[in-house]
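J.: This is a predicted model, with the sequence first.
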Amino acid sequence: MYKFISMLALLFATQSNIAYAGEQSGKVLNLIVRSSDGMIYFEMENKATGKPACATHSYWIIADEKSTTGKQQMAMLLAARVSGQVISVYGTNTCTRWSDGEDVSGIIF
């Protein structure tokens, strides 16, 4: 019973964080890798909702493109772009990788 309640509390805690972060669904329109520092960012069709005040631009940024997660996210974005499939993105509610775009927390493909 204790494990069940702990898991339920964890689920509610993680879901409430996502609710306040940005989210967007649509096709990937542009996928950019900046040569000066390797930063990866992308733009999607449709409009995002719930983005933080720091995210003054519509693009999304992979927070750590050198990490395993960042590489996995890049692979998903490439697959979505090539196939034309719709994805959903949700953010971290922060702009740490670059000051005017929200960091990606997860991608659903």
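T.: Arrived safely, thanks for sending. Treat the numbers as computed from the prediction; the structure is a model and nothing was measured.

J.: Where does pLDDT dip in this structure?
T.: 1-19 (pLDDT under 70).

J.: Helices along that one, start to end?
T.: If DSSP state H is used as the criterion, the helices of the chain fall at 2-19, 68-83.

J.: and the residue lying closest to Glu43 once chain neighbours are set aside, how many neighbours?
T.: Leaving out its chain neighbours, the residue that sits closest to Glu43 by C-beta to C-beta, 6 or more residues apart in numbering is Asn30, at 4.5 Å. Every residue, glycine included, has its C-beta placed from N, CA and C. The number of residues packed near Asn30 is 10, by other C-beta atoms under 10 Å.

J.: list the contacts for Asn30?
T.: By C-beta atoms under 8 Å, 6 or more residues apart in numbering, the contact set of Asn30 is Phe42, Glu43, Tyr59.

J.: can you check Thr96 too?
T.: Contact partners of Thr96, counting by C-beta under 8 Å, 6+ apart, are Ala63, Asp103.

J.: No more questions from me, cheers.
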